[in-house]
Structures are given as C-alpha cells and as structure tokens.
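Asks: Got a sequence here, can you build the structure:
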Amino acid sequence: MRALLGCTLLLTSCGSAGAGNDGEPVEQRAEQAPPPAGPLSPVPVTAASGSPGRTVECASGEAEVFSCKVAGGKRIAICGTGTGTGTGRGEAEYRFGDGEPELVLSGGRWASVPYSGGGEAQVAFASGDTRYVVFSRIVRTNFAAGEPNDPAISDGVIVLEGEEVIGIQLCDDPDVAAIDYDLAEAHFPRADDLFSWETDLAERRTR
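Replies: Numbering: from 1, shown residues only. As a prediction, this is how the structure comes out:
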C-alpha cells in the first residue's frame, strides 16, 4: 500500500502535460533504448455513461488488477471480470468514476520492464486514437555508492492521443493497489515494450 500524489482523471479536467525529456539525466532511459510499442491492436470498447448495477471498484469475485483513488475522490480500477471464451485469458475492464463508472474500456494489453533498483508495469486500453495507460513504477533516484536508493514510487494513468501525451493523472491514495503482475499476465496479452516512456513525468511533476 503506498501513499501517492494525485489529480483528477477526466480528460476535460486534467492539465495538458507536454511530452519529452526535461534534460535531466535519468539512468533508466539507457535501459529503455527500444522505441515505445506501436498502437494497440483493436480491442472491444464500451464507453459507459453510467452503468446501473456496476461499481468502479472491483466486485466480490472479480480480480483486482489495479485500483486507486485520485484527487477529488473518483477512482480508477482494472478488474478481472471472468474467464475469456476461447482466449485462454480472463476478461478485464478499465473503469473510472465515482460509484457508477463514467468510463469503461475492455480488452487491453500489458507490459513490464526492470530498472536499476526498481521497475515498471503498464496496462493499456484504447478508445479510438486515445490510449489510457495505467502504470505502476519504482525508480531509483540516488546513485551514490553506499547510499540508499531513495526510490520514487508512482501509480496513475497517462493519456495519449496517438503518440502525444495529453494528460497524466497520479493516484492520491494510501491504499493504492499497484498493478499485480500475476493478474496482469493472467488477463492480458503481453507487449514487448512499454506503451509510453513518458511516465517519468510523474517524478518531474513532484519535484
């Protein structure tokens, strides 16, 4: 369980966050030489404007792949909803809202990479040209010999239009459930590379 900074999730309410490096050296970028994964394969998408009987939080019997609250009290969740038919994987949904979900996306893919002193997992969902990339990352910030790693820990969603970052929202929740690697593997096909390398905006926002 981790305490984190946050902001609201709706695209209409999040500030624009520019893509690109701020010029400061980040050791793990040397490990991230491959380009980001290409656009997601088409996935079934359901945009829900209220979903009677369904809550954002994962229900009893659903697998909680990820869950957290953002500033303002709304929640993000990725919930395993059952067994996929003929896919060998469980079905899962991305949900956002307060009580009843305001947005529901199905399908998705996941990826993970190790960093020096940490690592990152991402689960990406697509709605047209817009991608919602949920991330959980731990990044070492102190590289002095013999000193503590001083890890920076962040969870949230980065939103992309094509390859352009149009928003990033961080969890603000002492009880955040970071991406569960085993559950992600059980519910999503794996991509070779992360869907965005710009999640370091999480650290740059909190400096």
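Asks: As a check, name the ranges of all helices in this structure.
Replies: 181-187, 201-205 (DSSP state H).
Asks: got the ones you listed as JSON lines, with mean pLDDT columns?
Replies: Formatted as JSON lines, these follow (pLDDT from 0 to 100):
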{"stretch": "helix 181-187", "mean pLDDT": "95"}
{"stretch": "helix 201-205", "mean pLDDT": "69"}
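Asks: need the ones you listed in CSV with mean neighbour count and distance to residue 162, can you?
Replies: To be clear about C-beta, it is placed using only N, CA and C from the backbone, and glycine gets the same treatment. Supplementary listing: the helices of the chain in CSV, determined by neighbours: other Cβ atoms under 10 Å; distance: least, Cβ to Cβ, whole Å:
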stretch, mean neighbour count, distance to residue 162
helix 181-187, 18, 24
helix 201-205, 18, 17
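Asks: Nearest to residue 99, out of the ones you listed?
Replies: With Cβ to Cβ as the measure, helix 181-187 is the member of the helices of the chain nearest residue 99 (23.8 Å).
Asks: what ranges do the strands span in the protein?
Replies: Secondary structure of the chain (DSSP state E): strands at 45-46, 63-69, 75-83, 90-98, 100-106, 109-115, 118-127, 130-139, 152-161, 164-170.
Asks: which stretch in these has the least confidence?
Replies: Comparing mean pLDDT across the strands of the chain, the weakest is strand 45-46, with a mean of 42.
Asks: Which residue is the nearest non-sequential neighbour of residue 99?
Replies: Nearest residue to residue 99, sequence neighbours excluded (Cβ to Cβ, 6 or more residues apart in numbering): residue 55, at 6.4 Å.
Asks: Would you reformat the strands of the chain as TSV and include mean neighbour count and distance to residue 180?
Replies: Below are these laid out as TSV (neighbours: other Cβ under 10 Å; distance: least, Cβ to Cβ, whole Å):
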stretch	mean neighbour count	distance to residue 180
strand 45-46	14	23
strand 63-69	23	6
strand 75-83	21	9
strand 90-98	21	11
strand 100-106	20	18
strand 109-115	18	10
strand 118-127	22	9
strand 130-139	24	9
strand 152-161	22	12
strand 164-170	21	19
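Asks: Figure out which of these is closest to residue 193.
Replies: strand 109-115 (6.2 Å).
Asks: Output that closest one as PDB, nothing but the C-alphas.
Replies: Taking C-alpha atoms only, strand 109-115 is exported to PDB below (Å, rounded to 0.1, in the frame of the first residue of the first chain):
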ATOM      1  CA  ARG A 109      -2.500  -5.300 -23.200                       C
ATOM      2  CA  TRP A 110       0.200  -5.200 -20.600                       C
ATOM      3  CA  ALA A 111       4.000  -4.800 -20.400                       C
ATOM      4  CA  SER A 112       6.700  -4.500 -17.800                       C
ATOM      5  CA  VAL A 113      10.400  -3.600 -17.700                       C
ATOM      6  CA  PRO A 114      13.100  -3.800 -14.900                       C
ATOM      7  CA  TYR A 115      15.000  -0.700 -13.900                       C
END
